[in-house]
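Student: Fold the stuff below for me.
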Amino acid sequence: MVTDSVSAAWLATASPEQLTRAARAAIETARAGADRVRAGAGTGTDRLEAYDEATAALDNLRNVTRLVSRAHPDPDRRAAAEAAEQELERAATAIALDREVYDGLAGVDLTGADPATRHWVGRVLREFRRAGVDRDEPTRQRVRALQAELVEIGQAFARTINSDRRTARLPASALAGLPADWVRAHPPDPDGLVTVSTDYPDVLPFLSYSRDATARERMLRLWRQRGHPDNIEVLRRLLTRRYELARLLGYPCWAAYATEDKMIGSVPAVADFLTEISAAAADPQRRDYAALLARKQVDQPDATTVDPWDQRYLTELVTAERYGSDSQALRPYFEYGRVKDGLMAVAARLFGVTFRPRPDLPVWHPEVEPYEVWEGGTLLGRIFLDMHPRPDKFSHAAMFQLVDGKAGHRVPECALLCNLPRPGEQPALLQHSEVRTLFHEFGHLLHHVFGGHQRWSGTGGVRTEWDFVEAPSQLLEEWTRDPATLASFAVHHETGEPLPAGQVARLRAAEEFGRGLWVRQQMFYAALSLELYRHDPATLDPLAVERELQQRLTPFPHLAGTYLHLSFGHLDGYSAVYYTYMWSLVIAKDLFTGFDPAALLDPVVAGRYRSVVLAAGGSAPAAELVTRFLGRDYTIDAYRRWLDTEPDPVAVTE
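Tutor: As a prediction, this is how the structure comes out:
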């Protein structure tokens, strides 16, 4: 069992044999704890403690194996981690289907227990029932087999996406419009051609700035072809096995199973939410699209449509010309090292903590940066920053848990895996969207660290309803638009000049543009997630579903020969509930009303938010935490105001 975060850090660097032994030791620890629950040993509190530690032993090792399988550069260690994760999942499933363990917990007298304990035990017992603990033995055996197979399938789906790095050799002229540092990092080969990859730091700037529409189209097609054809069969198995599992457990489809324990509660409620948000964004989307088309017609008077590979490029032109905000011109103010340090300084100021480098801790790659989080003389947790792309690494951006903290037992630990530009001979300059991504993921990190000091491991950190977990990270994005926050770290990497106040005002205005298109695109992803999991897979053609939804929810036609769903990694992790990003954003916009926009660095309000929402972790229903902070139930009003705001051109005198 992982008993502290130093052990977790060491395990992330362990040999394949050591990782295998650690997983098996965790399984033995978990089985011993389950035996104590099954035997009804000690008091009710003793049984709860035994169960909490048993599941923590498995969860913390699974956390490590997930990280290793998605981030370690050594293929042998990745393979060992995948195998260990499968063993751990089988052990967890066995406990979840053990009726005697369930009965041992259900028999605990909770009279006089604190609200957090009652909330946690209620959730635990519900999850036993959702796992099928009350089904007959043949059904439980099939559930065990399906759960084990689903871990393997999910690993294969992610592995294919992470390893499918595609490249194009393009004429050097295709780089016209791209930032100078990006061009320097992509020198032509002896044939005069330049290699551009589908890695985030390559493809996103290329789609945003290259003036060559043909080259942009080629890169967008490559981007949306990742996972094809290998993930066709993998996704079919994923959908089929989850459908079978849901039916075994008494649900009409996987989506019904996946939504039951969320804030939203049901498939019809998700469908209604998607309809409501899509309708609310319809006019803003038309307005945004018309602006892009009008800008395209400046260069091509006969243009009647905006192509999908035009969207980022034209958005850059519109925001530069209409709002005076040029994301290229902003990049010199967002040098990676200063942004990272500035973010940590902002978090330290808001929440009263200190981030101390720990270069002596073992790491799985030389670029990983370890820190400890302290509050005065108290260690709160450890964090690991793995920030740059490399082959076979997780290809998006996410917080990975390593240790679920528990008061008096262990501190929480987690890692950020991102794919931001790598510093080298030249500074790594970020787009403002990448600054937002970094703040977003750091929001998850803070939630995990601050929430990881509950009485029970099962109520700590981000163990809250899944459709609330994005809200704290989306809320922290608001600070990337705050003048005082940006003034603390956004300085020109060559001159030291602070980001001018006029530029900040233009940035804020420009960021209001395009949200209608963005929201409807998110609704497309959410609807795709839901539709693939709410029907019998035998009746589904995933590509046809993708085409129909994209046509209905976005103004861009589907690109023939592309397969976005095969590289949509959230179809594994989030499965049917990708809607949670927008649901959480509704709540995040409402949470933001509890702060003074003119004083976002005020540690008093931030401290109360930390105490009431972040530190509470999963100790109470998320809606209750929001109500405690706002002093009322949450509403959609703030979100609607945000969505309906039509940005006006600004003229700011420097």
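
Student: Apart from its neighbours in sequence, what residue is nearest the residue nearest the centre of the chain?
Tutor: When the chain is reduced to its mean C-alpha position, the nearest residue by CA atoms, centre = their mean turns out to be Ala398, at 4.5 Å. Residue nearest to Ala398 in three dimensions, not counting chain neighbours: Leu417, with 5.7 Å by CB to CB, 6 or more residues apart in numbering. From N, CA and C alone the C-beta is placed, and that goes for glycine too.

Student: got it, and Val108?
Tutor: Leaving aside its sequence neighbours, Val108 sits nearest to Gly44 (CB to CB, 6+ apart; 3.6 Å).

Student: follow-up on the earlier one: does the residue nearest to Ala398 touch Phe394 like I think?
Tutor: Yes - with contact taken as CB atoms under 8 Å, Leu417 and Phe394 are classed as touching, separated by 4.8 Å.

Student: shared neighbours of those two, anything?
Tutor: With contacts taken as CB atoms under 8 Å, 6 or more residues apart in numbering, Leu417 and Phe394 have Arg70, Ala71 as neighbours in common.

Student: biggest strand in the protein by residues?
Tutor: strand 378-386 (DSSP state E).

Student: Report all helices and strands that that one contacts.
Tutor: When contacts are defined as 3 or more CB pairs under 8 Å, 6 or more residues apart in numbering; DSSP states H and E, strand 378-386 packs onto helix 5-11, strand 369-375, strand 413-417, helix 432-451.

Student: Flag every buried residue along the very next helix or strand once past that strand.
Tutor: Past strand 378-386, further along toward the C-terminus, the next helix or strand under DSSP states H and E is strand 398-403. With burial defined by 16 or more other CB atoms under 10 Å, the residues of strand 398-403 counted as buried are Met399, Phe400, Gln401, Leu402, Val403.

Student: If we only consider those, which is nearest to Ser584?
Tutor: Ser584 lies nearest to Met399 out of these, by CB to CB, at 14.2 Å.

Student: The closest one - nearest residue in space that isn't next to it in sequence?
Tutor: If you skip the residues right next to it in sequence, Met399 has His444 as its closest partner in space, 3.6 Å away by CB to CB, 6+ apart.

Student: now swap in Pro555 and tell me
Tutor: Tyr289 (4.8 Å).

Student: Return the residues in contact with the one you found.
Tutor: Neighbour list for Tyr289: Val306, Leu517, Pro555 [criterion: CB under 8 Å, 6+ apart].

Student: I'd like these laid out as a markdown table, including neighbour count and distance to Ile264.
Tutor: Formatted as a markdown table, the entries for the contacts of Tyr289 read as follows, by neighbours: other CB atoms under 10 Å; distance: CB to CB, whole Å:
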| residue | neighbour count | distance to Ile264 |
| --- | --- | --- |
| Val306 | 23 | 33 |
| Leu517 | 24 | 24 |
| Pro555 | 20 | 27 |
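
Student: As CSV, the residues you listed with pLDDT would be great.
Tutor: As requested, the contacts of Tyr289 are arranged in CSV below (pLDDT from 0 to 100):
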residue, pLDDT
Val306, 98
Leu517, 97
Pro555, 97
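
Student: Give me the subset of the residues you listed lying in helices.
Tutor: Secondary structure assignment (DSSP state H) places Leu517 from the contacts of Tyr289 within helices.

Student: closest to Phe128 among the contacts of Tyr289?
Tutor: Checking these against Phe128 by CB to CB gives Leu517 as the nearest, at 43.6 Å.

Student: you'd agree the closest one is up against Arg312?
Tutor: No - when contacts are counted by CB under 8 Å, Leu517 is not listed as touching Arg312 (10.6 Å).

Student: Which residues belonging to the longest helix anywhere in the chain are considered buried?
Tutor: Secondary structure of the chain read by DSSP H shows that its longest helix is helix 267-299. If you call a residue buried by 16+ other CB under 10 Å, then helix 267-299 has these buried ones: 267, 270-271, 273-274, 277-278, 280-281, 284-285, 288-289, 291-293, 295-296.

Student: Mean confidence (pLDDT) on that helix, please.
Tutor: Here helix 267-299 scores 97 as its mean pLDDT.

Student: okay, now Arg224: neighbour count?
Tutor: Taking other CB atoms under 10 Å as the criterion, the count of residues near Arg224 is 22.

Student: Run through the residues that contact it.
Tutor: With contacts defined as CB under 8 Å, 6+ apart, the neighbours of Arg224 are Leu559, Thr562, Tyr563, Leu564, Ser567.

Student: which ones are touching the second one?
Tutor: In this case it means Thr562. Counting by CB under 8 Å, 6+ apart, Thr562 makes contact with Arg221, Arg224, Gln225.

Student: From Arg38, how far off is the last one?
Tutor: Remark: distance between Gln225 and Arg38 (CB to CB, to the nearest Å) = 51 Å.

Student: show me where pLDDT drops low in the chain?
Tutor: 1-7, 650-654 (pLDDT under 70).

Student: How is the protein partitioned into domains?
Tutor: With automatic domain parsing serving as the domain definition, the record reports that the chain contains domains spanning 5-96+98-131, 165-225, 332-515+581-644.

Student: on that earlier part again, what helices or strands is the helix or strand following the longest helix of the chain leaning on?
Tutor: For helix 267-299, the succeeding helix or strand toward the C-terminus, using DSSP H and E, is helix 311-323. On a contact count with 3+ CB pairs under 8 Å, 6+ apart, helix 311-323 meets helix 200-209, helix 267-299, helix 327-330, helix 501-511.

Student: pull the CA atoms of helix 311-323 into CSV?
Tutor: These are the backbone C-alpha positions of helix 311-323, laid out as CSV (Å, rounded to 0.1, in the frame of the first residue of the first chain):
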residue,chain,number,x,y,z
GLN,A,311,-12.1,28.7,-38.1
ARG,A,312,-9.0,29.3,-35.9
TYR,A,313,-7.2,31.3,-38.6
LEU,A,314,-10.2,33.7,-39.2
THR,A,315,-10.9,34.0,-35.5
GLU,A,316,-7.3,35.3,-35.1
LEU,A,317,-7.9,37.8,-37.9
VAL,A,318,-11.2,39.0,-36.5
THR,A,319,-10.0,39.5,-33.0
ALA,A,320,-6.9,41.3,-34.2
GLU,A,321,-8.8,43.6,-36.5
ARG,A,322,-12.0,44.1,-34.6
TYR,A,323,-10.8,44.1,-31.1
